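Chemist: predicted model and sequence follow; I will ask about them next.
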Amino acid sequence: MAVSGRATADLRGGASVDGALDVRNPATGEHIASVPATTAEELEGLVARARAAQPAWAELGITARCEILTRMRSWLAAQSDRVVETLVSETGKTHEDAQLIELSYCLAALSFWAGETPSYLAERRFLARTPLVLGRRIVTRYVPRGVVGVIGPWNYPLINSFGDCIPALAAGNSVILKPSELTPLTSLLIAEGLATSGVPDGVFGLATGGGETGGRLIDLVDFVMFTGSAEIGRNVAERAARSLTPFALELGGKDAMIVLDGADLERAANVAVYYAMANAGQACVSIERVYAEEAIYDRFLDKLTRKVAALRSGAPAGPGSVDVGAITTARQLDIIEAHVADALAKGARVVVGGKRGDPPGRFFEPTLLVDVDHTMTCMTEETFGPTLPLMRVADAEEAILRVNDSRYGLGASVFARDGEEGERIARRLQVGAVCVDDAAVNYFALAAPMGGVKESGIGVRHGAEGIRKFTTPQTIVLSPRWMPRREPQMYPFSARRTRLLSRIVRLLYGRRA
Ligand code: NAD
C-alpha cells in the first residue's frame, strides 16, 4: 500500500512535513511508504486542537459519541480488505492474524464499548449512612480526563493502538495516538475512518514518530495509555511522574502453559502450537514456555513435534498461503536468534526449526526446543518469536513454582485432569489472567479486566475499570434543605456535647460483631 506524503499530511490536518518514517514490508523487504514524522511544533498544535475540541465532544453525550463509534464499526467492516492488506504489508503477519485477530477484535470492541459505555459511566447515586454525612444524597459522575495520549507497539497496530482509543473516545476524551514508528500505516487508515464516521475535527489526532515523539506526548496530555515493552514502560512511568500525569501500562509477558496427566493432550497441543506461533509469536500473550508433567511428557512432545513441523512459514500471499508470517523488526529477529543460541549453548536441543530464514524477508523457523531450564533466556525473558520451549516437570506443584518464577505476570494457561483442578491451579498463579483448557482468549472477553502483574503492567484495559481509568470520578454531596443551621460537631465546642456524641458513636460501633 502506498501512502503519499501529501495524503498523510492531509490526514494530520495539513501539517507540514519534517522528516519521514520509511515503512518496509518485513516479509519482502520492499519499501512500501514514506510517512512524515510529526515535529515538536506540530505535536503541540495537535494537542492544542485536541484540547479545544474536547469540551464539545464531552458535551455531545455518551449516546451520540457511541453512535459515531458504531458508524466507525461499519466503516471498518466495509474497508476490511484495505485494512487487512495494510496490516499484512507493514507487519509481515498472515492474513489470518490480521483478519481473524486484529480486525475482529476492533469490530467487536467498537460494538462492545458503544453498548456498554452508557452503563459503565452512568452516574452513581447513593444515600450516605456514616454519621457526619447522614441523610445526604451522593452523586458520583465520571468526568473525561481531557486529552489522552495512546502510545502503541508494532506487533498489533490495530488492537494495541486503536483498540485503546475506542474507550478513551467513548468516555468523552480527545485522543492523540502515537503508533509505533515501524507500523504507522494502519493508524493513518483509522484517522481517515474516524473523520469519515463523524468524529469532530481535532478530537482524534495522529502523531507519527519514535520514542522522542512519545516522550513529548507524555508531557502534553492528561493521561497516558502505553502498550509496549517493560523497559520503555519504565521510561514512560518516570517521564509521566515529572508532571504527575496518570498512566496505565500494558507491558511484556512470558506466558506459560501447564499440561498435566489426564488433560486432553490433543487439544493442549493444538492450543500450545497456535498460541505460540500466531503472529509469529509476536504477541504479549503468546505461549512462551510449556511445563509438561513427567507422565505425559513423551506423548505430548510427540504431538507438538508433528504439529510444529507441519507449519508453513513465509511471505503471506493471501489467506491460507502460510501459517507463520514474518518477524516485524530486525532487532526482534536478533533477540529470537540469541535466545535459541543461548539455550543450545546451555544444553537445550532443537527438535524442529531453530534457524532464521533467508533474506530479503525476515523469518525465523517455527521452533520446538527441549531440555530447557530456567538458566536459559528462552525460559525467563520475553522471546517474542515463533519458539516453543518445552520443559519436563515432576508434578503440578513444580509446574506452579516454575510459572511463578518470573519477573512477568501477564497470563497463563492450564490443562489439568478436569476443570476443578485447573481452576485450583489457576488461583495459585501470579498473573493477570489464566485460561483453563485454553490460552490467551481472555483478551477477547471484553467485559473482564485484562492487565498484568509484576513487570507486565500497571492498570487494566477492558471492563468497567478499563474505561473508568480514562475519567476522573467527581463526587457531589447534596445536603437536604432541612439540615440544622448548626450541626452538633460544629463550633463552639462543649464538653457535654462531646461526651454525648462520643457515647452515640460508641453505641453505634462499640457493640460486639
Ligand atoms: P516498545 O516499548 O519498544 O515501544 C512501544 C512504543 O513506545 C512505540 O510506539 C515507541 O515508539 C514508543 N516509545 C519508545 N521509547 C519511548 C519513550 N522513551 N517514551 C515514550 N514512548 C516511547 O515496544 P515494541 O517493541 O513496539 O512492542 C513490543 C512490546 O510490547 C513487547 O514487550 C510486548 O509484550 C508488548 N506488548 C504488550 C501488550 C499488552 O497488552 N500487555 C500488547 C502488545 C504488546
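Modeler: Good, I have the coordinates. Computed from a predicted model, the values in this text were never measured in an experiment.

Chemist: the nearest residue to L127 once chain neighbours are set aside: neighbour count?
Modeler: Nearest residue to L127 in three dimensions, chain neighbours excluded: R137, at 6.4 Å (CB to CB, 6 or more residues apart in numbering). (Glycine included, C-beta is placed from N, CA and C.) Counted by other CB atoms under 10 Å, the residues lying close to R137 total 14.

Chemist: hmm, V236 and L251 touching each other?
Modeler: No. Between L251 and V236 there is no contact under CB atoms under 8 Å: 9.6 Å.

Chemist: more neighbours: which of these two?
Modeler: Of the pair L251 and V236, L251 is the one with more neighbours under other CB under 10 Å, namely 27 against 24.

Chemist: any idea how far the more buried one is from the ligand?
Modeler: With distances taken as CB to the nearest ligand atom, to the nearest Å, L251 is found 5 Å from the ligand.

Chemist: over to A240?
Modeler: 9 Å.

Chemist: nearest residue to that residue in space, please, no chain neighbours.
Modeler: That would be F247: by CB to CB, 6+ apart, it lies 4.6 Å from A240.

Chemist: pLDDT wise, what is that neighbour at?
Modeler: Note on F247: pLDDT of 98.

Chemist: end-to-end on stretch 255-272?
Modeler: 11 Å (CA to CA, to the nearest Å).

Chemist: so where do the helices sit in the stretch 1-150 of the chain?
Modeler: Under the criterion DSSP state H, counting those that start in this stretch, helices of the stretch 1-150 of the chain are mapped to 5-11, 40-59, 62-78, 80-91, 95-96, 104-120.

Chemist: up against the ligand, what does the stretch 101-250 of the chain have?
Modeler: 151-156, 160, 178, 180-181, 210-211, 214-215, 227-229, 232, 235-236, 250 (CB under 6 Å from any ligand atom).

Chemist: returning to what we had before: tell me the most buried of the helices of the stretch 1-150 of the chain?
Modeler: Most buried of the helices of the stretch 1-150 of the chain by mean neighbour count (mean count of other CB atoms under 10 Å) is helix 80-91; its value is a mean of 22.

Chemist: so which of the residues of the stretch 101-250 of the chain next to the ligand belong to strands?
Modeler: I151, K178, T227, E250 (DSSP state E).

Chemist: make a markdown table from the residues you listed and add neighbour count to it.
Modeler: Formatted as a markdown table, these follow (neighbours: other CB atoms under 10 Å):
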| residue | neighbour count |
| --- | --- |
| I151 | 30 |
| K178 | 28 |
| T227 | 26 |
| E250 | 26 |
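
Chemist: distance to P484 added to the residues you listed, as a markdown table?
Modeler: A markdown table is the format used below for these (distance: CB to CB, whole Å):
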| residue | distance to P484 |
| --- | --- |
| I151 | 53 |
| K178 | 55 |
| T227 | 53 |
| E250 | 51 |
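
Chemist: would you check which pair of those lies furthest apart?
Modeler: Pairwise distances across these (CB to CB) peak at 14.7 Å, for the pair K178 and E250.

Chemist: still on that earlier bit, how close does the residue nearest to A240 sit to A230?
Modeler: 14 Å (CB to CB, to the nearest Å).

Chemist: about what we covered before: what is in contact with L251 and V236 at once?
Modeler: Common neighbours of L251 and V236 (criterion: CB atoms under 8 Å, 6 or more residues apart in numbering): G228.

Chemist: tell me who's in contact with the residue of the chain at minimum distance from the ligand.
Modeler: Proximity of the chain to the ligand (CB to the nearest ligand atom) peaks at G214, 2.3 Å away. Residues in contact with G214, defined by CB under 8 Å, 6+ apart, are I151, K178, V236.
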